[in-house]
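Participant: Below is the structure, and that's it, no one-letter string:
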């Protein structure tokens, strides 16, 4: 009888995925704060600022009205506004019918993977890279394939590496991100175009993660929407528009995948929260406000780039965009998990160990998010410097 009960309570094998460690760090930081500690949050990729005022006003205006389901693909007016964004920002002509509104980019990845891949399919991802790529693919029965990047490739997937892996054993797809997480590095528009064409010529489906677009400092990010109608693009209001908790994003899907994804949305989530869609549509009118926040990130980036070498963190990857600094801690530790844990406990600065992003080499790296205030960045440098000198 006891064995039968244990069997009923045992989790499925597909649920046996690693934790998203950054969320564990966030929970540990919350416990310190609950006990009265002052934590500087550099762990989760979350802007310190609020959504644009125009988005907040639109949500307030809507809250007194009936908030009902929308169409599974999203509010038609929001889909049209997203398509207009591509014309304004990239000079790309996009049919609004290809736009699918999602509950954040996270849901976008789930729907994209379900629509594009079969169980057992191999999908290439950059290493280091965003952990849920691996974890969602694994939960869906696919095989994530780590494509190593390094300084010689400027921490980006190259056509040569992709095609070499494809020849070794066929890949069904590849995920490209520029600006990338955790590195913040970017691919030029030319390099992105070559990679997309090389993949698709080889029969490899392309997913372009563009959630950090508009947070580019070194040069302008290029979109796969303009490069190929066969690629699938995922974006979000979370980062540039500071709307993380609103959980709102979108997919630009190849036309043949729109109806399959629509059926998945109908069955798995019905629709995206209506209030978030209303606020998101209005958010596009708040770009001047958001650009001012972006300039603040650039100042924060400078504080870390100048301050970290002075305290011994001299090596970090090129931070072209997003709001991350991926720092080499090997001078102090070869165990980034223990390093980040001790740093949180002893300095109350929360950051994410590199093993979250890179199972192979991440023990020597820590990711610092610089989406907070300038005062917080300066204080973080001071606290970490004092701690490292004591160590």
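Facilitator: Received the coordinates, thanks. Since this is a predicted model, take the numbers as computed values, not measurements. Residues are numbered from 1 along each chain as shown.
Participant: Counting neighbours, what do you get for residue 229?
Facilitator: Neighbourhood size, residue 229 [other C-beta atoms under 10 Å]: 13. For every residue, glycine as well, the C-beta is placed using N, CA and C.
Participant: That one against residue 255, yeah?
Facilitator: Yes: Residue 229 is within contact range of residue 255, at 7.3 Å (criterion: C-beta atoms under 8 Å).
Participant: where do the helices sit along the stretch 251-391 of the chain?
Facilitator: Assigned by DSSP state H, counting those that start in this stretch, the stretch 251-391 of the chain shows helices spanning 255-268, 274-283, 287-310, 336-347, 374-390.
Participant: So what touches the last one?
Facilitator: Read that as helix 374-390. Helix 374-390 has contacts (C-beta atoms under 8 Å, 6 or more residues apart in numbering) with 40, 42, 48, 296, 299-300, 303-304, 307-308, 310-313, 332, 343, 346-349, 368, 370.
Participant: now the residues you listed: which count as buried?
Facilitator: Using 16 or more other C-beta atoms under 10 Å as the burial test, the contacts of helix 374-390 include 40, 42, 296, 300, 303-304, 307-308, 311, 313, 332, 343, 347-349, 368, 370 as buried.
Participant: And the pLDDT at residue 18?
Facilitator: With respect to pLDDT, residue 18 scores 79.
Participant: Where does it sit: helix, strand or coil?
Facilitator: coil (DSSP: H, G, I helix; E, B strand; the rest coil).
Participant: What is the neighbour count of it?
Facilitator: 12.
Participant: Start at 715, not 1
Facilitator: In the new count, where the first residue is 715, that last one comes out as residue 732.
Participant: I'd say it and residue 850 touch.
Facilitator: No: using C-beta under 8 Å, residue 732 is not in contact with residue 850; the gap is 11.6 Å.
Participant: For stretch 856-876, which outside residues touch it?
Facilitator: 827, 831-843, 847-848, 851-852, 879, 885-886, 888, 890, 892, 894, 897, 899, 901, 905, 908-909, 912-913, 916, 918, 1031-1032, 1073-1074.
Participant: The same query, at a cut-off of 6 Å, please.
Facilitator: 831, 835-841, 848, 851, 888, 897, 899, 901, 908-909, 912, 1031 (C-beta atoms under 6 Å, 6 or more residues apart in numbering).
Participant: Mark which of those are buried, thanks.
Facilitator: By 16+ other C-beta under 10 Å, the contacts of stretch 856-876 give 831, 835-841, 848, 851, 888, 897, 899, 901, 909, 912, 1031 as buried.
Participant: Domain ranges for the chain, per the record?
Facilitator: Per automatic domain parsing, the domain ranges recorded for the chain read 716-764+1002-1104, 779-999.
Participant: got a list of what residue 914 touches?
Facilitator: residue 944.
Participant: what do you get for residue 911?
Facilitator: Neighbours of residue 911 in contact, by C-beta under 6 Å, 6+ apart: none.
Participant: Is residue 894 in a helix, a strand, or coil?
Facilitator: Relying on three-state DSSP, one would call residue 894 coil.
Participant: Spit out the contact partners of residue 1014.
Facilitator: 1084, 1091.
Participant: So residue 816 versus residue 892, what's the distance?
Facilitator: 20 Å (C-beta to C-beta, to the nearest Å).
Participant: got it, and residue 915?
Facilitator: Counting by C-beta to C-beta - residue 915 and residue 892 are separated by 20 Å.
Participant: Neighbour count for those two, which is higher?
Facilitator: residue 892 (28 against 10).
Participant: Just the pLDDT for that one.
Facilitator: Value for residue 892, per-residue pLDDT: 97.
Participant: same check, this time on residue 933
Facilitator: pLDDT, residue 933: 89.
Participant: residues near it, how many?
Facilitator: Neighbours of residue 933 (other C-beta under 10 Å): 12.
Participant: Distance check, it against residue 902.
Facilitator: 7 Å.
Participant: Low-confidence stretches in the stretch 715-864 of the chain?
Facilitator: Where the stretch 715-864 of the chain drops to pLDDT under 70, the residues are 715-722.
Participant: List the contacts of whichever strand or helix holds residue 741.
Facilitator: Per DSSP states H and E, residue 741 falls inside helix 735-748. Defining contact as C-beta under 6 Å, 6+ apart, one finds that helix 735-748 is touched by 753, 757-758, 1064, 1066, 1070.
Participant: Could you check the angle that helix makes with helix 1050-1061?
Facilitator: Put simply, helix 735-748 runs at 20 degrees to helix 1050-1061, going by axes from the mean of the first three to the mean of the last three C-alpha atoms, to 10 degrees.
Participant: buried ones in helix 735-748?
Facilitator: 735-736, 738-740, 742-743.
Participant: swap in stretch 859-866?
Facilitator: 859-861, 863.
Participant: got CSV for the residues you listed, with distance to residue 783 and secondary structure too?
Facilitator: Putting these into CSV (distance: C-beta to C-beta, whole Å; DSSP: H, G, I helix; E, B strand; the rest coil) gives the following:
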residue, distance to residue 783, secondary structure
859, 38, strand
860, 40, strand
861, 40, strand
863, 42, coil
